[in-house]
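> please work out how this folds:
(chains A, B, C and D)
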Number of protein chains: 2
Amino acid sequence: MPTLSEVARHAGVTPATVSNVLRNRGRVGANTRQRVLEAVEALGYRPHLAARALAEGRAPTLALMVSSIANPFYPEFALAVERAARTSGHFVIICNTNEDPLTGRAYLDQIAGTLSEGVLVTNANLDFADLHTTESRGTPVVLCMWERPNEPPGLPCVAVDFRRAGELAGAHLLELGHRRIGAIVGSKASGIHAARYEGFVDALRAGGAPKGRVKHGADTIQGGYEAARALLETNPKLTAIFATNDLPALGAMHAAADLGLNVPADLSVIGITDIQLARESRPALTTVAVPTVEVAGLAVSLLRELIETSYGQAGRGAASVPMRVASPPELVVRASTGVPRPR
Amino acid sequence: MPTLSEVARHAGVTPATVSNVLRNRGRVGANTRQRVLEAVEALGYRPHLAARALAEGRAPTLALMVSSIANPFYPEFALAVERAARTSGHFVIICNTNEDPLTGRAYLDQIAGTLSEGVLVTNANLDFADLHTTESRGTPVVLCMWERPNEPPGLPCVAVDFRRAGELAGAHLLELGHRRIGAIVGSKASGIHAARYEGFVDALRAGGAPKGRVKHGADTIQGGYEAARALLETNPKLTAIFATNDLPALGAMHAAADLGLNVPADLSVIGITDIQLARESRPALTTVAVPTVEVAGLAVSLLRELIETSYGQAGRGAASVPMRVASPPELVVRASTGVPRPR
DNA sequence: TTGAAAGCGCTAACAC
DNA sequence: GTGTTAGCGCTTTCAA
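Presented below is the predicted three-dimensional model:
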């Protein structure tokens, strides 16, 4: 691969000049520029990103921490992140923590600040202390899906009002006439779906409906399947199930099918997020849509700002921790919810 | 962030020595090593990957080109690739070409050789000429899912006998007693599923069954849905549908549902690949499993070898292009196929 | 408008 | 065993 100096020699100028025309820095004569461009073309020169990174003291990539790219929400989000990142010339490195905080820390230790100049974090089950450490070492961190706009996490973030999402789901079910509603709370340990559930419970209370049964489970189709079976076997009179995420909601639909229940005639099911599969399931899943693409965009642009302002570096002191709030979630009615029919 | 020299100063040695203990190169005295390690610990030193890359003349990442990470097969594959890559200390950068060869080329131009020292290519709709170009510039390229082991692509690759996969699918349907079988060929343009279809047709011929109707479509659930509807509306007597990929097969099941057909009683459906969703659909999808994880492992290790031997660099001349063949596909019978019942 | 020179943080000969 | 010395390819003052 040809280097900058080779291009310079070829064009009869110095490396500095070539650099200048390539970055549009400094003033360069029109025909010098022309000659340089020709040399670049002739040699098929491409800048060495690692060298540039070193010289500039910055890196061309962003790290995206996810628990597992195999959870279909993340690819969708990652795609949106990548699109946004490309607009500032960043590549994105996807880091699968696999739900393991140690793996997460290992990633942070290795790439933050040396290969990536910023870190985007989804619900990757990371240790907050580790995130603060990387931040204090000068690499900005942005939390991408903070669930409580009213309770800032102490780290820059993009928040979505997930309480509201739960509320909308509950209200929708109530409005259809459901009174006996079961709930499936995904991602048990992390408590990360608590806000969604709270919103749901509030809606029920506001509607004067009984609180209903809850079952915790894994944030997967299988987890939702198991939770729903348990729920339905002990509470056969349930007419609806609310899940804190689409994946478990999809699992609940499978459970219904296996129990000979028709969705939505015998059982209504609603989720949160509106991942692509929600549209593609049979029946199509009613859900509360979260503005994924918007969140990705906000997160990337916030991160970019923090990078430009060397947030963290210059001991931010009392400066407040920035938070962006994405548009509120919206109910998307599809075919998995309907008026209850008594059983 | 502390640098190597700072660590050296702190430990009272020279940078070279620190480098030596960190890389386990050269001979270092036991207590010198000890002091260095302490200094590393005390300062929280972490090597600067970009600097190291520049000095070593190699990069710590591998690029994985995919058409779109939103197609659920790729996340699964990407995860396997990442796992394999981590064992050699590589990070992976996922490059979504979005089916656009130009985007693909832009990625290759930018990162191949400067940020990534090797490129893994799935069916990303890339221009082979571009791939050869990056190879000739010294960055090895490996095709990950070559479909015809008997017809090498002229680029290093991992091959899977997809003809065989189609054959197994066809044979399974025949064995169940189906005679009127429709076929859905995904990814129309690229012709990338041709081998699968050929195998399927061969199986039908061998079984003395009529060739059946074919419909081409997009390699998505929606594409399969549309193709299946078209197929079933014009050929209501079909008792089975073979799709060249799981996603369209899933779509075919949805079409059946919408047409009031029970799967598998009225219509059997079979796909190829065995993505996670195949296990998670209702009914669970019968499919021909491709050894995804094995392929990822083979691809990464082949790529690693090519990197070590500077394949391409040293004008390989007549040296043969390496190919690894993964284990043959295997039939996985689930609930979407059964004995036909006359309609 | 262009060139000379220093340096980003690290590695790798080679010498001591 | 450990230090010295040169770079890796690029950017960026600062002079000319």
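
> who's in contact with the residue nearest to residue A:245 when sequence neighbours are not counted?
Closest residue in space to residue A:245, ignoring its immediate chain neighbours: residue A:186 at 4.4 Å, by Cβ to Cβ, 6 or more residues apart in numbering or on different chains. Heads up, the C-betas are built off the backbone N, CA and C, glycines and all. Going by Cβ atoms under 8 Å, 6 or more residues apart in numbering or on different chains, residue A:186 touches A:193, A:216-220, A:223-224, A:243-245, A:247-248.

> filter these down to the buried ones, ChimeraX style.
Per 16 or more other Cβ atoms under 10 Å in any protein chain shown, the buried members of the contacts of residue A:186 correspond to this ChimeraX selection:
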select /A:193,216,217,218,219,220,223,224,243,244,245,247,248
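
> identify the farthest-apart pair in the contacts of residue A:186.
A:216 and A:247 (14.1 Å; Cβ to Cβ).

> quick one: residues contacting the closest residue in space to residue A:212 that isn't next to it in sequence.
Leaving aside its sequence neighbours, residue A:212 sits nearest to residue A:181 (Cβ to Cβ, 6+ apart; 4.6 Å). By Cβ under 8 Å, 6+ apart, the contact list for residue A:181 reads A:170, A:173, A:204, A:209, A:212, A:238, A:239, A:240, A:241, A:242.

> can you tell me which of these is closest to chain B?
residue A:241 (15.6 Å; Cβ to the nearest Cβ).

> hey, what's the closest one bridged with?
residue A:182, residue A:269 (DSSP bridges).

> these two touch, right, it and residue A:254?
No - counting by Cβ atoms under 8 Å, residue A:241 stays clear of residue A:254, with 11.7 Å between them.

> spit out the residues that contact these two alike.
Common neighbours of residue A:241 and residue A:254 (Cβ under 8 Å, 6+ apart) are residue A:228.

> who's more crowded, the two?
residue A:241 (34 against 23; other Cβ atoms under 10 Å in any protein chain shown).

> quick one: low-confidence ranges for the stretch 151-300 of chain A?
A:188-190 (pLDDT under 70).

> just the helices from it, written as ranges.
A:162-176, A:194-206, A:221-234, A:246-258, A:276-280, A:292-308 (DSSP state H, counting those that start in this stretch).

> let me know which of the ones you listed is the nearest to residue B:4.
Going by Cβ to Cβ, the one of the helices of the stretch 151-300 of chain A nearest residue B:4 is helix A:292-308, 23.9 Å.

> list the buried ones in the closest one?
A:292, A:295-304, A:306-307.

> which strands and helices sit next to that helix?
helix A:73-86, strand A:116-121, strand A:141-146, strand A:157-159, strand A:323-325 (3 or more Cβ pairs under 8 Å, 6 or more residues apart in numbering or on different chains; DSSP states H and E).

> is any residue of the second one near chain B?
No - Strand A:116-121 stays out of contact with chain B when judged by Cβ under 8 Å from any Cβ of the partner chain, the minimum separation being 9.2 Å.

> which parts of that strand are buried?
Applying 16+ other Cβ under 10 Å to strand A:116-121 flags A:116, A:117, A:118, A:119, A:120, A:121 as buried.
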